[in-house]
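A.B. asks: Next comes the sequence, and after it the predicted model I'd like to discuss.
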Amino acid sequence: MIAKLVNSPLRPYAVRLVGLCLIWAFFVLTGAAGAMAADQEHRLVQLRSGSLDQRREAALWLGEHATSAAVPSLIESLRDPDGMVRKRSENAVWSIWMRSGDPEVDRHMMEGSQSLQQGLYDAALRAFDKVVAADGEFPEGYNRRATVLYHMGSYRRSMADIHETLKRNPYHFGALSGAGLCMLGLKEPASALHYFERAFEINPNMPRVEAMIQRLRRLLAEKMT
């Protein structure tokens with residue numbers, strides 16, 4: 001069929017038709033991307049200054065559709081006066097962080113997360129190794145692997161992955177609180193406090209982290225007296 005078209009007198013028209021189809025596809029895709037970006041910006045405006053219902057709805061939408069560009073505004077909304085907005089904003093941040101944009105990476109992430117929840121740490125570690133190997137710039141791959149290593153008692157290896165996470169995502173309050181736990185495992189309470197405070201500064205909606213901060217402050221104060 002291709003050979004016939006090449007030698008056919010209709011070939012110039014076929015080439016022109018293919019070109020027009022490619023141009024049309026380009027404009028459809030760029031138009032859809034532009035519409036999504038505009039919609040995201042509209043939701044971010046609502047999240048920052050909308051009514052209560054608008055802020056709640058915006059946080060929910062952003063969790064389902066937004067790109068990483070929305071994370072700074074969602075981090076700010078972790079201090080919203082409304083508890084539901086804060087909770088939905090936190091969930092949205094995690095949802096965005098979990099999306100790699102690569103179906104294969106996302107599949108390994110799901111496999112690893114399921115194994116981690118079941119306490120199958122060796123299987124989880126293998127899955128997250130695949131995530132990091134497939135996309136070395138995806139922060140959550142390192143963070144999830146760090147979580148597995150923490151549960152396996154490999155605190156220093158976990159810290160190495162936490163540093164890789166934070167290099168790529170300095171907002172990652174989960175990684176920072178994980179670093180605090182690793183420092184406790186290494187019996188370094190002052191360093192643990194430092195990481196817990198950094199995590200709580202970004203996300204003040206973590207009661208366990210807040211309790212740990214208070215406990216460590218009392219412990220360190222007692223050591224100085």
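C.D. replies: Sure thing, it's come through. Numbers count the residues shown, from 1 in each chain.

A.B. asks: any idea how far E104 is from the residue positioned nearest the centre of the chain?
C.D. replies: A centroid search over the chain (CA atoms, centre = their mean) returns W97, at 1.1 Å, as the residue closest to the centre. Distance from W97 to E104, counting by CB to CB, to the nearest Å: 18 Å. Quick note: C-beta positions are derived from backbone N, CA and C, even for glycine.

A.B. asks: can you check I162 too?
C.D. replies: From I162 to E104 the distance is 24 Å (CB to CB).

A.B. asks: Where does P204 sit: helix, strand or coil?
C.D. replies: Three-state call for P204 (DSSP: H, G, I helix; E, B strand; the rest coil): coil.

A.B. asks: Am I right that it is in contact with L78?
C.D. replies: Yes. Proximity of P204 to L78 meets the contact threshold set by CB atoms under 8 Å, at 6.7 Å.

A.B. asks: higher neighbour count, the two?
C.D. replies: Using other CB atoms under 10 Å as the criterion, P204 and L78 rank with L78 on top: 18 against 14.

A.B. asks: Next one: that one from L181, what distance?
C.D. replies: 20 Å.

A.B. asks: and if you look at M109?
C.D. replies: Computed as CB to CB, the M109 to L181 distance reads 21 Å.

A.B. asks: the more surrounded of these two?
C.D. replies: Shown here are M109 and L181; by other CB under 10 Å, M109 has more neighbours (23 against 19).

A.B. asks: where does that one land in three-state SS?
C.D. replies: Of the three states, M109 takes helix under three-state DSSP.

A.B. asks: Show the contacting residues for it.
C.D. replies: For M109, the contact set (CB atoms under 8 Å, 6 or more residues apart in numbering) comprises M98, S100, A127, F128, V131, E140, G141, R144.

A.B. asks: Tell me which stretches of the chain form helices.
C.D. replies: All helices of the chain, identified by DSSP state H, fall at 2-7, 11-49, 52-65, 71-76, 83-98, 103-117, 121-134, 139-151, 155-168, 173-185, 189-202, 207-224.

A.B. asks: now those as CSV including mean pLDDT?
C.D. replies: Listed next are the helices of the chain as CSV, based on pLDDT from 0 to 100:
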stretch, mean pLDDT
helix 2-7, 50
helix 11-49, 64
helix 52-65, 97
helix 71-76, 97
helix 83-98, 98
helix 103-117, 96
helix 121-134, 98
helix 139-151, 98
helix 155-168, 98
helix 173-185, 98
helix 189-202, 98
helix 207-224, 96
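
A.B. asks: Dihedrals phi and psi, Y171?
C.D. replies: phi -80, psi 0 (degrees, to the nearest 10).

A.B. asks: measure it to N203 for me?
C.D. replies: If you go by CB to CB, the gap between Y171 and N203 works out to 9 Å.

A.B. asks: any residues in contact with both of the two?
C.D. replies: Common contacts of Y171 and N203, defined by CB under 8 Å, 6+ apart, comprise I75.
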